[in-house]
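Peer 1: fold the following for me, if possible:
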Amino acid sequence: MEKSYAIGIDIGGTNTVFGVVDKRGHIINKGSIKTTNYKDVNSFIIGLADAVMEMIDQVGGTSTIRGVGVGAPNGNIYTGCVEFAPNLPWRGVIPVVQMLKEKLSLPVALTNDANAAAIGEMTYGAARGMKDFIIITLGTGVGSGIVINNQLVYGYDGFAGELGHTTAVKNGRPCGCGKKGCLETYTSATGVARTAREYLETRKDSSILRDLKIDEITSKDVAEAARQGDVLAKEIFDETGRVLGEAFANFVAFSSPEAIILFGGLTKAGDLIFDPVRKYMEEDLLPIFRNKVQLIPSELKESDAAVLGASALGWEVKI
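Peer 2: Residues are numbered from 1 along each chain as shown. From the prediction side, this is the model:
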């Protein structure tokens with residue numbers, strides 16, 4: 001029987017989402033389980049495998065499946081393990097590929113979630129036909145996937161591409177990784193909210209944001225205020241764009257990408273984030289790179305992107 005489908009699995013700190021995907025990138029069926037319901041990783045793998053097998057049976061059984069791709073925090077494509085992921089309920093090194101292979105009797109490959117997004121973008125989204133690009137995910141943190149000459153960059157140990165943890169501000173904000181001043185502490189959705197709180201606490205400017213509880217302000221609140229003309233909110237986005245744009249200029253000098261593709265919740269702010277990023281990036285680029293690098297949004301639907309990206313890995317997995 002023709003192997004018509006791939007399985008995509010995205011393991012997240014709160015939910016694990018999975019789906020059956022055809023060769024055109026259509027999600028035929030989709031489901032999820034709550035990651036946090038499983039304190040033991042073995043019971044999680046059993047619960048996940050049972051739910052995925054139920055879905056596989058609905059499309060004709062394992063003979064129709066080419067492979068299984070998994071995206072997870074700190075997923076290592078070389079070892080097939082999730083290694084010391086801070087946002088998952090289980091600690092240490094978890095041999096996810098081996099465990100799922102035993103339960104599903106299918107070929108399985110694993111990478112980190114941002115790399116899965118890059119593979120999905122290259123296979124189904126805005127990067128189709130591109131050989132050199134960087135995808136930046138702007139969500140709770142900042143993730144990245146780097147593609148050079150049509151190959152995802154994994155590096156020596158499988159963990160290349162941690163651009164969110166490059167230093168944006170020396171001795172700056174503490175980051176969950178243990179460092180200070182990481183890019184994600186300023187330019188993630190969480191970082192935008194932190195900037196808003198800092199501005200409100202240290203300045204006297206009037207702002208719509210002062211009507212909200214300061215500890216509950218989100219990047220979405222800042223975007224809504226900026227759209228209403230709030231000067232302070234606009235300044236927050238300008239500062240976020242400056243930090244991100246200057247970082248992008250450094251990334252471009254390294255790999256000379258055709259495009260930098262932005263994905264994630266913060267991109268819903270639209271021109272509020274894209275315009276200042278583009279402005280500051282161009283100002284900081286070496287002259288040989290100016291006006292060459294596209295800055296574009298992802299073409300993948302956010303709710304489907306993780307599954308699509310992981311499934312793209314499923315098509316390529318070695319049997």
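Peer 1: what's the neighbour count on S4?
Peer 2: Neighbourhood size, S4 [other CB atoms under 10 Å]: 16. For the C-beta atoms, the positions are set from N, CA and C on the backbone; glycine is no exception.
Peer 1: all helices of the stretch 201-319 of the chain, in order?
Peer 2: For the stretch 201-319 of the chain, the helices defined by DSSP state H, counting those that start in this stretch occupy 219-227, 231-255, 271-284, 302-316.
Peer 1: residues contacting the first one, please?
Peer 2: Around helix 219-227, the neighbours that count as contacts under CB atoms under 8 Å, 6 or more residues apart in numbering are 189-190, 192-193, 196, 207-209, 212, 232-234, 236-237, 265-266, 268-269, 272.
Peer 1: can you pull the contacts of H165?
Peer 2: If you count contacts by CB under 8 Å, 6+ apart, H165 has them with C175, C177, K179, C182, L183, E184.
Peer 1: can you list the low-confidence ranges for this protein?
Peer 2: Residues of the chain meeting the criterion pLDDT under 70: 1.
Peer 1: which one in it is furthest away from the centre?
Peer 2: Residue farthest from the centre of the chain, counting by CA atoms, centre = their mean, is K204 at 35.5 Å.
Peer 1: follow-up on the earlier one: tell me which of the helices of the stretch 201-319 of the chain sits most buried.
Peer 2: Across the helices of the stretch 201-319 of the chain, averaging neighbours per residue (mean count of other CB atoms under 10 Å) puts helix 302-316 on top, at a mean of 24.
Peer 1: which helices and strands sit right next to that one?
Peer 2: Helices and strands touching helix 302-316, as assessed by 3 or more CB pairs under 8 Å, 6 or more residues apart in numbering; DSSP states H and E, comprise strand 5-11, strand 15-22, strand 27-34, strand 65-72, strand 108-112, helix 113-124.
Peer 1: quick check: next helix or strand after the last one?
Peer 2: What that stands for is helix 113-124. Counting by DSSP states H and E, the next helix or strand C-terminal to helix 113-124 is strand 133-138.
Peer 1: cheers, nothing more for now.
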